[in-house]
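Student: Have a look; sequence and predicted model below, questions after that.
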Amino acid sequence: MKLLLVEDEEKMARLLQRGLTEAGHQVDVCERGEDALEQALQIAYDTVLLDWNLPDLDGLAVLRRWREQGLRTPVLMLTARGTVGEKVMGLRAGADDYLVKPFAFEELLARLEALHRRGDAQGPAQQVGPLVLDSRRRVLRHGEREQVLTGREYALFAELASHAGEVLARSTLLSHVWGDSFDGPPNIVDVYVGYLRGKLKKLEVEPVVSIQVVRGVGFRLVVEGRG
């Protein structure tokens, strides 16, 4: 699996990275919440291992923002916070599993394997006309061609696909994909629609699947033969 380890304790991060690498996984490490927040949205990971106590933005806040922005990657919290109330908070914030420090490394491996099996069993592929949207790998597939999506590209396409044929306002897309607290450039939706159009072009599915601009309102995903 391709894993993101979010851990600010250098010794712990080094030990976990070495052990997980020796177990056959590919591991990236982030020490800060803000860095992890963006990295998980830009790179398709199989699972994130997330510490609660981080030096800038705490793990729970990072997790909530990921889920608000549509990130479906499984998250396993690794933290010294082990009360029942804290576990409940973590799970309700969007964690898929919770492991309290200190823990046995063998248990960590077993929990990662269980999360991976669970993701496979859920059948995360969605058919969008001739396209397949794979939520676990975060790719768009057309026959033998694939295009990897960033976290926000995935969330935006999934939102459009779930309302195929409907016009979605820019404000709605901005709220659902970037969150109500987003304070970046107002044309960010247009920019990401441009990215998605480029990937649809590479997949050679237009005009069967296309994203149309509705002037003064927003966008809609059109799938020929639907509706």
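Tutor: Sure, I can see it.
Student: How about the contacts made by W52?
Tutor: Contact partners of W52, counting by C-beta atoms under 8 Å, 6 or more residues apart in numbering, are D58, G59, L60, M77, T79, A80, R81, E86, G90. C-beta: built from backbone N, CA, C; applies to glycine.
Student: Can you tell me which of the residues you listed are buried?
Tutor: Among the contacts of W52, those classed as buried by 16 or more other C-beta atoms under 10 Å are G59, L60, M77, T79, R81, E86, G90.
Student: can I assume the third one is in contact with G59?
Tutor: Same thing as M77. Yes. Judged on C-beta atoms under 8 Å, M77 makes contact with G59 at a distance of 6.7 Å.
Student: Helices of this protein, start to end?
Tutor: Along the chain, the segments classed as helices by DSSP state H run 10-22, 33-42, 59-68, 84-92, 105-121, 151-162, 170-173, 188-203.
Student: center of this structure, which residue is that?
Tutor: L71 (2.8 Å; C-alpha atoms, centre = their mean).
Student: which residues touch it?
Tutor: Counting by C-beta under 8 Å, 6+ apart, L71 touches A40, L41, G151, A155.
Student: Could you export the residues you listed as JSON lines, including pLDDT, neighbour count and distance to R215?
Tutor: Listed next are the contacts of L71 as JSON lines, based on pLDDT from 0 to 100; neighbours: other C-beta atoms under 10 Å; distance: C-beta to C-beta, whole Å:
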{"residue": "A40", "pLDDT": "87", "neighbour count": "25", "distance to R215": "34"}
{"residue": "L41", "pLDDT": "80", "neighbour count": "21", "distance to R215": "29"}
{"residue": "G151", "pLDDT": "78", "neighbour count": "24", "distance to R215": "28"}
{"residue": "A155", "pLDDT": "84", "neighbour count": "23", "distance to R215": "24"}
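Student: and the chain, what are its domains?
Tutor: Following automatic domain parsing, one finds the domains of the chain at 2-121, 125-223.
Student: what's the span of the shortest one from first residue to last?
Tutor: With C-alpha to C-alpha, to the nearest Å as the measure, domain 125-223 spans 17 Å from end to end.
Student: And it, how far out from the chain middle?
Tutor: 14 Å (C-alpha atoms, centre = their mean, to the nearest Å).
Student: Not counting its neighbours along the chain, what's nearest A161?
Tutor: Leaving aside its sequence neighbours, A161 sits nearest to V128 (C-beta to C-beta, 6 or more residues apart in numbering; 4.8 Å).
Student: how far away is the one you found from T150?
Tutor: As judged by C-beta to C-beta, to the nearest Å, V128 and T150 stand 18 Å apart.
Student: neighbour-wise, which of those two wins?
Tutor: Between V128 and T150, counted using other C-beta atoms under 10 Å, the more crowded position is V128 (20 against 16).
Student: ok, now which ones touch that one?
Tutor: So V128 contacts A161, A164, V209, L221, V223 (C-beta under 8 Å, 6+ apart).
Student: Just the buried residues of those.
Tutor: Neighbour counting with 16+ other C-beta under 10 Å marks A161, V209, L221, V223 as buried within the contacts of V128.
Student: about what we covered before: just send the contacts of W52 back as JSON lines, with pLDDT and distance to L196 too.
Tutor: Listed next are the contacts of W52 as JSON lines, based on pLDDT from 0 to 100; distance: C-beta to C-beta, whole Å:
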{"residue": "D58", "pLDDT": "88", "distance to L196": "32"}
{"residue": "G59", "pLDDT": "91", "distance to L196": "30"}
{"residue": "L60", "pLDDT": "91", "distance to L196": "31"}
{"residue": "M77", "pLDDT": "92", "distance to L196": "31"}
{"residue": "T79", "pLDDT": "87", "distance to L196": "36"}
{"residue": "A80", "pLDDT": "88", "distance to L196": "41"}
{"residue": "R81", "pLDDT": "86", "distance to L196": "39"}
{"residue": "E86", "pLDDT": "89", "distance to L196": "38"}
{"residue": "G90", "pLDDT": "89", "distance to L196": "32"}
